[in-house]
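In: Need a 3D model of the sequence below.
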Amino acid sequence: MFRSRPPLWVALSLVTALIVAPGVAAAADPGTITDFESDSVPSGVYAWGNDAASTPALTIEPDPGRPGAPATNRVLKSVYNVSQWGGWSHDLAATQDWSPYEGFSFWVNGAASGQKIFFEVKDGGAGAGSAELFESSFVDDSAGWRQVKVPFGSFTRRTDYQPGGAPSDGELDLVAMWGYSMRLPAAQGTLEWDQVELNGTAPPRPVRLSTDRPVYPVGEKGEARVGVTVTTADGRPLPADLAVAYRTGTGTATPGGDYTPVEGTLAFPAGTASGTAKAFTVRTLKDGQDEVAETIPIELSGTGTRPPAEAPVVVVNAHGLPYVNSRKPVRERVADLLRRMTLEEKIGQMTQAERGALAKQSDIATYVLGSLLSGGGSTPASNTPQAWADMIDGFQLQARRTRLQVPLIYGVDAVHGHNNVVGATIFPHNVGMGATRDPGLVEQEGEITAREVKATGIPWDFAPCLCVSRDDRWGRAYESFGEDPALVSRMATIIDGLQDNGVLATAKHYVGDGGTAYGSSTSGDYTIDQGVTKVGRQEMEAIHLAPFEEAVRRGVATVMPSFSSVDFGDGPLKMHAHKELITDTLKGRLGFKGFVISDWQAIDQIPGDYPSDVRTSINAGLDMIMVPYAFPAFESTLKAEVEAGRVPLSRVDDAVARILTQKFRLGLFDHPYADRSRIGDVGSAAHRAVARTAAAKSQVLLKNDGGLLPLRRDARIYVAGSNADDLGNQTGGWTITWQGSSGPITTGTTILSAIRSRASSVTYSRDASADLAGHDVGVVVVGETPYAEGQGDVGRAGRTLDLSAADRAAIDKVCGAMKCAVLVVSGRPLQLGDLSGVEAVVASWLPGTEGAGVADPLFGAVPYTGRLPFTWFRSVAQVPINVGDAAYDPLWPYGWGLRTDRARDRLKAARDRLASGDGYSKAASLVLALPARAWNADGSVRDARAVLGALGTAATLLERSKSDAYTVDDTVVSVARDVAQSTGRRPDLQAAADHELAAGNLRKAVDLLAQAAR
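Out: So this is what the prediction gives:
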């Protein structure tokens, strides 16, 4: 799924010293924020853009021409050529209090371009990058210097973008400001800037009135206790007596029939502490009618007060109607609700908005929104499980004020655990889970993810990604379980783990996103992501569609189309417009009964104007559109298209019925709020133990000359490399933020700390500059830094598949001085260079927060059992390279993975499990009872012919068994793989065998491995 591309707050950690910090007293003179009287661009001032070309060039230049400027005056010059978005910001190192001032001003040297230029200020939050954004604008309609002055009262909250973690109160409070930004137009030009100031004196600030909640749902013959709080601007006690008048206003409820009107005054004497609350009660009546919800607005007023940011309302809940009766079948409830809905209410159900786009939470009711989401990194201001539950419950509360009280369905990208939440359990990315070859463990990952997601009030996960990644240059390769559709299909068990535990799964990205051709993308500077998959229909079915067939068979609730296009030979067609594949194939032939959700703003990529985008996508079979910011425009556009007959009402009804069906099945109508009984399980030791197991099983031992691994605990170990002690790097993208980031971004264990907990003597030097003498073995942990989606595409911004020069140097230093193991922490195979001096190599993938799982097999606490989900290329020139290719000469083939457990012990354990199965399993167990002479003393195969013969016979029997588990079948075949890998021959047959095993063709897998061993 595509996530927020923040057009203002790019991921920079910049600090600045304040030039003049405004005081807290009433202001008479301007307060200077930035004056640019420096030799270079001031600290904290930086440029940004959607790509390098769109990032303005900033310089400090002399310019005494500004009115009132001294002869030595300097200004900030911005030269720009913006294609999508670009501009510059000044981020402050600490908050400033701007509340004493009336407004914001700056000087600009314009060019009379006629372009509208937006600027904004950053209010509250944990820093400049997570502040609430309020904007204004001016038109560059005159050449030369001019001063732009804007009262703070004229700023409006941005509705097209808000950063993750920003406050969402919709109020420009001014007491904790983090800076400002200038957003340049999508054009070419030059502007100069000077003297950014605060000006004027703020009028007296009123006492703010607020209620303990914005919405008070209540049944008939019930009562709502409304708490009213008074808060002063400076936090001091009230300077004078304050009388707050309250009354019930005019809503849809009938006074005297549905409720008893109330009116009165709450007295707050002088000296009352700021934050004091008092309450009154509204009582509802029983009118004997079955009805939809009805509203009773609450009106508050008082001299020198400001009303609540959200107008409070008491709501008499819908009652007596079939759709609110939980005892009725879902189909009846859906039909009853659907026939009561207006067109606007239906369209609202088809609309999904990003939480940060809400100007006020009541937008949920105003636009009768059916769904909200958090884009990557879009979090509550306090990123804790409790804060998530509070936020989402607040959103659900707003849905209660609507006429039909249809609950929201909230979605989030929990793609390797609840990865947006600090402290949650983070599993290996899918590439690592594919390496485990353990469908049961993947299902368990889904279960734990569901438990943590649901505990925070979220019932919908935009996962799993069932793409079949066919090109390592793709920035989303790590989101794939592997290059083989049979393997990806096996791992669809995660759907059961999610949905059996109350969270809807999303099969994405339908279909073919893993097959896009390098160089085919037209999205920004991406090279492969969102490009074109040019295939025949047969290849599409066999490779890319197969995992989605399995997902539908498992009852997946939602499907998300891909940003990419499909070209069957008659030109590329965006998947969001592909009626053949969405309606005819997915909903028709495959029988998908859930609903289709668009990707992030993806319909905008369909050729044509916006009305065309809307009708094309809906008519193609999309049911809900992830807008995510322009939801008012989407709703009005779709309404116009339906009323004009260009989108059939029957198509709308089908979409809404599909959405409502899933909401009823989730139980949202009956229990819309977070179940907090498991909130303590988020990031729990028990959950982390499973993630640790997953990390351990994901480790793939690629090379182990001389049996260097596992290491002895008493060895003197030298650790180096960029990824040894970096939690952010080992968790990768889609962790806390969309792109992820390096460093201690959440709670977890780095690989270095895990090694230190196991070994008695450890020296760590990231760059291998510490003394190398006196050590027994080196461990060099190298690889990639985080990225997500097309920003990880090879060829974009200089990204390659090569190790960094620093990592390569660390390998050369350490492995040139001692025996060593290289651990590769990455989302895909990398070019490793000369490995002749390296005894052991491990593909560690992106193991998540539990670095102890990497250390477990490294020190022999558990064996290495993982296998490659991707072919490891010999040279970048071979990419793309995949199992089944006619020319196949990899460094290590798909399915490769050396094991450190004894083959004989492994087979005995499998035999014991089969002995309790059906007749075929028992027969296979007897066949596998091989005599001791077939084995070497170390448990490896001695008589290959006898062992392979027995394995082949057992495989034939197991194909007919109904009781054998896939993990047992996998274990049986693994012994044949040991024999084949020991010869190092026919990598094509070894790779093909692993495909056949995943496809369930056990005998063919053994035969291919036997052939490779000859």
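In: So, low pLDDT: which residues of the stretch 401-550 of the chain?
Out: Nowhere does the stretch 401-550 of the chain drop to pLDDT under 70.
In: quick one: residue 763 and residue 752 touch, right?
Out: No: using C-beta atoms under 8 Å, residue 763 makes no contact with residue 752, being 10.8 Å away. To be clear about C-beta, it is placed using only N, CA and C from the backbone, and glycine gets the same treatment.
In: Which neighbours do those two have in common?
Out: residue 719 (C-beta atoms under 8 Å, 6 or more residues apart in numbering).
In: Please identify which of those two sits among more neighbours.
Out: Applying other C-beta atoms under 10 Å to residue 763 and residue 752 shows that residue 752 carries more neighbours, namely 22 against 15.
In: Could you list every helix and strand that the helix or strand harbouring that one packs against?
Out: Counting by DSSP states H and E, the element that carries residue 752 is helix 751-758. If you count contacts as 3 or more C-beta pairs under 8 Å, 6 or more residues apart in numbering; DSSP states H and E, helix 751-758 packs onto strand 716-720, strand 761-764, strand 777-783, helix 852-858.
In: can you list the ones you listed in a markdown table and add distance to residue 943?
Out: Output for the helices and strands packed on helix 751-758, formatted as a markdown table (distance: least, C-beta to C-beta, whole Å):
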| stretch | distance to residue 943 |
| --- | --- |
| strand 716-720 | 38 |
| strand 761-764 | 42 |
| strand 777-783 | 34 |
| helix 852-858 | 28 |
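In: Let's have those in TSV, adding mean pLDDT and distance to residue 97.
Out: Shown next, in TSV, are the helices and strands packed on helix 751-758 (pLDDT from 0 to 100; distance: least, C-beta to C-beta, whole Å):
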stretch	mean pLDDT	distance to residue 97
strand 716-720	98	47
strand 761-764	98	44
strand 777-783	98	45
helix 852-858	98	46
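In: where do the strands sit along the stretch 601-750 of the chain?
Out: Under the criterion DSSP state E, counting those that start in this stretch, strands of the stretch 601-750 of the chain are mapped to 625-626, 700-704, 716-720.
In: Could you list the low-pLDDT ranges of this structure?
Out: Looking along the chain with the criterion set at pLDDT under 70, you get 1-29.
In: how about the strands of the stretch 101-250 of the chain, start to end?
Out: 103-111, 116-123, 132-139, 143-151, 156-157, 177-184, 188-199, 207-211, 215-218, 223-231, 242-248.
In: which of those sits most buried?
Out: strand 177-184 (a mean of 23; mean count of other C-beta atoms under 10 Å).
In: For that strand, name the packing helices and strands.
Out: Using 3+ C-beta pairs under 8 Å, 6+ apart: strand 177-184 touches strand 74-81, strand 86-96, strand 116-123, strand 188-199.
In: In its sheet, which strands sit next to the last one, and in what direction?
Out: So the one you mean is strand 188-199. Here strand 188-199 is paired, per DSSP bridges, with strand 31-34 (antiparallel), strand 74-81 (antiparallel), strand 103-111 (antiparallel).
In: what are the phi and psi angles of the residue lying closest to residue 500 once chain neighbours are set aside?
Out: Nearest residue to residue 500, sequence neighbours excluded (C-beta to C-beta, 6 or more residues apart in numbering): residue 447, at 7.1 Å. Per-residue torsions, residue 447: phi -60, psi -50 (degrees, to the nearest 10).
In: got it, and residue 823?
Out: Here is the backbone geometry of residue 823 (degrees, to the nearest 10): phi -110, psi 130.
In: does residue 172 really touch residue 155, like I thought?
Out: Yes: in terms of C-beta under 8 Å, residue 172 counts as a neighbour of residue 155; the distance is 5.7 Å.
In: For these two, list the residues in contact with both.
Out: Common contacts of residue 172 and residue 155 (C-beta under 8 Å, 6+ apart): 121, 134.
In: still on that earlier bit, just the CA coordinates for the helix holding residue 752, please, in CSV.
Out: What follows is helix 751-758, C-alpha atoms only, in CSV (Å, rounded to 0.1, in the frame of the first residue of the first chain):
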residue,chain,number,x,y,z
ILE,A,751,21.9,-8.2,17.0
LEU,A,752,24.9,-6.8,18.9
SER,A,753,23.1,-6.9,22.3
ALA,A,754,21.9,-10.4,21.6
ILE,A,755,25.5,-11.5,20.8
ARG,A,756,26.7,-9.9,24.0
SER,A,757,24.1,-11.7,26.0
ARG,A,758,25.4,-15.1,24.7
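In: hang on, the earlier thing: of the helices and strands packed on strand 177-184, which is nearest residue 668?
Out: Closest to residue 668 of the helices and strands packed on strand 177-184 is strand 116-123 (C-beta to C-beta; 33.1 Å).
In: Need the contact partners of the closest one.
Out: Contacts of strand 116-123 (C-beta under 8 Å, 6+ apart): 8, 91, 98, 104, 106, 128, 131-140, 148, 155, 158, 167, 172-174, 176-185, 191.
In: got the angle between the helix holding residue 752 and strand 777-783?
Out: Between helix 751-758 and strand 777-783, the angle comes out at 150 degrees (axes from the mean of the first three to the mean of the last three C-alpha atoms, to 10 degrees).
In: Can you list the buried residues in helix 751-758?
Out: Judged by neighbour count using 16 or more other C-beta atoms under 10 Å, the buried positions of helix 751-758 are 751-756, 758.
In: just curious, which of those is nearest to residue 299?
Out: Using C-beta to C-beta, the shortest approach to residue 299 within the buried residues of helix 751-758 belongs to residue 753, at 58.1 Å.
In: Would you quantify the distance from residue 956 to residue 1007?
Out: 10 Å (C-beta to C-beta, to the nearest Å).
In: Touching, residue 318 and residue 295? I think so.
Out: No: Residue 318 lies out of contact with residue 295 (C-beta under 8 Å); the separation is 11.7 Å.
In: The two - which one has more neighbours?
Out: The residue with more neighbours, out of residue 318 and residue 295, is residue 318; 24 against 19, by other C-beta under 10 Å.
In: Can I get the strands paired with strand 188-199 in a markdown table including distance to residue 196?
Out: Formatted as a markdown table, the strands paired with strand 188-199 follow (distance: least, C-beta to C-beta, whole Å):
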| stretch | distance to residue 196 |
| --- | --- |
| strand 31-34 | 4 |
| strand 74-81 | 9 |
| strand 103-111 | 4 |
